[in-house]
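Student: after the sequence you'll find the predicted model.
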2 protein chains.
Amino acid sequence: LRRRFPEFDYCYYGDTANVPYGTKSPAQVVKLSRACAQALCAEQVDAVVVACNTASALALSAIREELGTIPVLGVLEPGVEASVQALAGAAGDSPVLVLATRATVKSGAYGRALRDRGVHEVWEQPCPLLVPLIEEDWNEHPVLTLTLDEYVRAARERWAVRGAVGDSGTAVALLGCTHYPWIYDAFVRALPGWNVVNSAEAVADAIARISPDLMARAQALGAGSRGKVLWLFSDPDAVPAFATKWIQAQSH
Amino acid sequence: LRRRFPEFDYCYYGDTANVPYGTKSPAQVVKLSRACAQALCAEQVDAVVVACNTASALALSAIREELGTIPVLGVLEPGVEASVQALAGAAGDSPVLVLATRATVKSGAYGRALRDRGVHEVWEQPCPLLVPLIEEDWNEHPVLTLTLDEYVRAARERWAVRGAVGDSGTAVALLGCTHYPWIYDAFVRALPGWNVVNSAEAVADAIARISPDLMARAQALGAGSRGKVLWLFSDPDAVPAFATKWIQAQSH
């Protein structure tokens, strides 16, 4: 978003007191998501991106209720849209493999949305250990590779598809968790021949569509100006070390 | 505890809405621990064991405040006691390696308690990925072995001790997290020649000491009777699958 619309001010709210969401029940995710929405209301934001697939899958309508007329965008629909585009022209039985937290997979939200868009083969694979590994910054560690391979193996085994699918270059793997783009290269290595879709770019497209007022204002601010980012955390003492490092690098 | 004192009724409260504690800040751990204590007050318990090292290290006095005259036992002191006993007779520079969550290590509570008891060499190693791995029931998976080896390697490297220590059979590794006894055998394999101390047995000894009334009542109830366990969870829909399986096995 910042690369596409650098002129805006951003407010990032990290619920570090309560992460991870992906292992919690739907009721708990809804309760925590409402509290996040209330915290953002107090900042008088013009639009909200729910930058968490678990909350997008389970709590989007609850968040919209809290935010009233403020436009709210989840990450689920843009990811589905990007996957459907990536599949365009492929054989009808080419699969979309959705890699996500357990809560997102359990919600079935990706499966429903993809089938509504005409995708027949949807494989949803929970990858619960990836979030802790990424938060530990073990992104280059053999443990990450081994864990990812285990999930890919489990997905292939579960759908009893070996060899044939994934070699044609039309099968799509959708990163259904906002942590996963941090290890994009590891997914590409673990899924040779697959088209690995990162929904972050699609989210930037979608925000332009849902909030034309905002885009008009971006044009008025003009090119070259650069907004600020306000970083808020529900538990400022529990921000992972690698995130603090990244935030500091962003501030320069 | 149930093996030692089967005649009692037990109430187990799992804060599944908020786990893991080990990656949270001290303020957040104190806040959540107070809420757990309040939930146990409502059950009119006779004594409380804080079966979490992070909460024992950071929130024991807060929990005692909430529980008034009800005796409260943390798992930290019994673990320290068991380690000191295991070290008895060893050379003065034999280390105790404390393996724990990041929050427990950061608190420095084990280091202080062990040094107070005359242990000179205390190594505290955070092992943040073990809790998620155990909750996923990857207890037999190569990823667990590799992760554990990485922590042992990091500890050895950090204290620049290789080869010499740990081969004498007097060095002690203290499992400073209540999840870790689930993978006791993996620790024994990862730490050949070390004496791996599990504080659970020491906790059972300690509860007898802090609450003589309770023990008198146990004798009055007599041998052979078997109490019940009430399982309570702050988020009943987020109990890990392996825990549910274990609880069901216990109920027979």
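Tutor: Structure received. Since this is a predicted model, take the numbers as computed values, not measurements.
Student: give me every residue in the stretch 151-252 of chain A lying close to chain B.
Tutor: A:D235, A:P236, A:D237, A:A238 (C-beta under 8 Å from any C-beta of the partner chain). For every residue, glycine as well, the C-beta is placed using N, CA and C.
Student: mind doing that once more with 10 Å?
Tutor: Within the stretch 151-252 of chain A, the positions near chain B by C-beta under 10 Å from any C-beta of the partner chain are A:F233, A:S234, A:D235, A:P236, A:D237, A:A238, A:V239, A:P240, A:A241.
Student: please, where are all the helices along the stretch 151-252 of chain A?
Tutor: A:184-190, A:200-210, A:212-221, A:241-250 (DSSP state H, counting those that start in this stretch).
Student: can you list the ones you listed in a markdown table and add mean pLDDT, mean neighbour count and distance to B:V45?
Tutor: Listed next are the helices of the stretch 151-252 of chain A as a markdown table, based on pLDDT from 0 to 100; neighbours: other C-beta atoms under 10 Å in any protein chain shown; distance: least, C-beta to C-beta, whole Å:
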| stretch | mean pLDDT | mean neighbour count | distance to B:V45 |
| --- | --- | --- | --- |
| helix A:184-190 | 96 | 16 | 47 |
| helix A:200-210 | 85 | 17 | 49 |
| helix A:212-221 | 78 | 12 | 55 |
| helix A:241-250 | 86 | 12 | 38 |
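Student: which residues of the stretch 1-150 of chain A fall in strands?
Tutor: Applying DSSP state E, counting those that start in this stretch to the stretch 1-150 of chain A gives strands spanning A:10-14, A:48-50, A:72-74, A:96-100, A:122-126.
Student: for the ones you listed, which one ends up most surrounded?
Tutor: Comparing these by mean neighbour count (mean count of other C-beta atoms under 10 Å in any protein chain shown), strand A:96-100 comes out on top with a mean of 28.
Student: now do that one: which elements does it pack against?
Tutor: helix A:53-67, helix A:76-87, helix A:102-107, helix A:109-116, strand A:122-126, helix A:142-158, strand A:172-175, strand A:195-197 (3 or more C-beta pairs under 10 Å, 6 or more residues apart in numbering or on different chains; DSSP states H and E).
Student: got the angle for the fifth one vs helix A:142-158?
Tutor: Strand A:122-126 and helix A:142-158 meet at an angle of 140 degrees, taking axes from the mean of the first three to the mean of the last three C-alpha atoms, to 10 degrees as the criterion.
Student: next one: the first one
Tutor: If you take the same axes, to 10 degrees, helix A:53-67 sits at 90 degrees to helix A:142-158.
Student: could you pull out the buried residues of helix A:53-67?
Tutor: A:53-60, A:62-64, A:66-67 (16 or more other C-beta atoms under 10 Å in any protein chain shown).
Student: and the gap between the nearest residue to A:Y12 once chain neighbours are set aside and A:P20?
Tutor: Spatially, and ignoring its direct neighbours in sequence, A:Y12 is nearest to A:W231 (5.3 Å; C-beta to C-beta, 6 or more residues apart in numbering or on different chains). Per C-beta to C-beta, to the nearest Å, A:W231 is found 19 Å from A:P20.
Student: using TSV, please lay out the buried residues of helix A:53-67 together with distance to B:P26.
Tutor: Output for the buried residues of helix A:53-67, formatted as TSV (distance: C-beta to C-beta, whole Å):
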residue	distance to B:P26
A:N53	30
A:T54	26
A:A55	26
A:S56	31
A:A57	32
A:L58	30
A:A59	29
A:L60	33
A:A62	30
A:I63	30
A:R64	35
A:E66	30
A:L67	32
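Student: in a markdown table: these, plus pLDDT and distance to A:D185.
Tutor: Supplementary listing: those in a markdown table, determined by pLDDT from 0 to 100; distance: C-beta to C-beta, whole Å:
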| residue | pLDDT | distance to A:D185 |
| --- | --- | --- |
| A:N53 | 94 | 20 |
| A:T54 | 95 | 23 |
| A:A55 | 97 | 26 |
| A:S56 | 96 | 24 |
| A:A57 | 95 | 25 |
| A:L58 | 96 | 29 |
| A:A59 | 97 | 30 |
| A:L60 | 97 | 30 |
| A:A62 | 98 | 35 |
| A:I63 | 98 | 32 |
| A:R64 | 97 | 35 |
| A:E66 | 96 | 37 |
| A:L67 | 95 | 35 |
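Student: which one of those residues is nearest to B:P78?
Tutor: Using C-beta to C-beta, A:T54 is the member of the buried residues of helix A:53-67 that lies nearest B:P78, at 37.5 Å.
Student: pLDDT weak spots in chain A?
Tutor: A:160-169, A:252 (pLDDT under 70).
Student: nearest residue to the middle of it?
Tutor: A:T178 (3.2 Å; C-alpha atoms, centre = their mean).
Student: what distance do you get for it to A:A200?
Tutor: In this structure, A:T178 and A:A200 are 8 Å apart, going by C-beta to C-beta.
Student: any residues in contact with both of these two?
Tutor: Taking C-beta atoms under 10 Å, 6 or more residues apart in numbering or on different chains as the criterion, A:T178 and A:A200 both touch A:A51, A:V75, A:G79.
Student: of all the helices of the stretch 151-252 of chain A, which lies closest to A:R102?
Tutor: That would be helix A:184-190 among these, by C-beta to C-beta, at 18.0 Å.
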